[in-house]
Each structure stands twice: as C-alpha cells, then as structure tokens.
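Undergrad: okay, here's the prediction I keep looking at, along with the sequence it came from:
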Amino acid sequence: MNPRQVKDDIPGTTLFDGRMARKGYALNKMCFSFNDAAHRAAFVADEDAYCARFALNAEQREAIRQRNVLALLAAGGNAYYLAKFAGIFGLDMQDIGAQQTGMSKEAFKARLVAAGRD
C-alpha cells in the first residue's frame, strides 16, 4: 500500500506534503516573519496591509480573519509556523491542538496527560 494513502485515510488530518508546502508558502513565510516583534506589531497595526505584503490568497486571508486554524492548515499552513501567528493572540500549541480536535483546551490537556500515562 502507498504510504500516502495510509496518511490520507486519517480522518480530520491535513497532510502537509510538497503540494501543501507550495500552496502555503506565502502564509508560512508571513507567519515566520512573526519571529520579529516589529513584524508582529505591524500585523496588529494593519492586518490587511501586512497580509497583502505577503500576497496571501483569498482562502488564506479569510482563514486569518476568522482565526481558524483548521482553515489555515487546509490553506497550506504548517502547524509550527501557525503557532507564531497564534502567539500574537496569546495562544499556544495546546490551543491549536484543542481547535484541531474540537475539544476545549482543558479537555485537550487532560487527553495529553492521559496519553502520557499509557
């Protein structure tokens, strides 16, 4: 069986492969820029202009507007770069994981703790 087929069969999982990396290049480049505090401030000051600077497409821009991590992943976003975007709003990887699974952050954290005991 093709390894890609196995990965594609995981419900709710967006496979980040070469195609998605190309699709999300502008989005991920913008999120990487948030390593710099001045860039985070520029985004907060004028979000539309900042997104235009990186030439985000309509799908990516709408996902940014909605703060929708699942839509950002579908638009080619890489979870590690998206964490930089989420950090602007005081969110961490557990917030992202909770959104991905449809759980509250507290329930997601409890699930992580339980999985660590297994």
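TA: Looks like it arrived, so ask away. Computed from a prediction, not measured in an experiment: that's the story for all the values here. Numbers count the residues shown, from 1 in each chain.

Undergrad: from residue 103, how far out is residue 110?
TA: In this view, residue 110 and residue 103 are 9 Å apart by C-beta to C-beta, to the nearest Å. Where you see a C-beta, it was placed from the backbone N, CA and C, and this is true even at glycine.

Undergrad: so which helix or strand takes in residue 108?
TA: In the assignment (DSSP states H and E), residue 108 maps to helix 105-117.

Undergrad: and that helix, average pLDDT?
TA: Average pLDDT, helix 105-117: 90.

Undergrad: ok, and what's touching it?
TA: 94-95, 97-98, 101, 103 (C-beta atoms under 8 Å, 6 or more residues apart in numbering).

Undergrad: now stretch 87-97
TA: So stretch 87-97 is in contact with 34, 40, 43-44, 67, 69, 79, 82-83, 86, 105, 108-109, 112, going by C-beta under 8 Å, 6+ apart.

Undergrad: again with stretch 13-27
TA: 4, 7-8, 28, 54-57, 60, 64, 70, 72-79, 81.

Undergrad: if we use 6 Å, what do you get?
TA: Stretch 13-27 has contacts (C-beta atoms under 6 Å, 6 or more residues apart in numbering) with 7, 54-56, 60, 73-74, 76-78.

Undergrad: still on that earlier bit, in strands only, show me the contacts of stretch 87-97.
TA: Nothing among the contacts of stretch 87-97 maps onto strands, per DSSP state E.

Undergrad: mind putting those residues into CSV with neighbour count and distance to residue 14?
TA: Formatted as CSV, these follow (neighbours: other C-beta atoms under 10 Å; distance: C-beta to C-beta, whole Å):
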residue, neighbour count, distance to residue 14
34, 20, 21
40, 17, 25
43, 22, 24
44, 11, 27
67, 14, 17
69, 22, 10
79, 16, 9
82, 22, 11
83, 17, 15
86, 21, 16
105, 15, 21
108, 19, 18
109, 14, 22
112, 11, 20
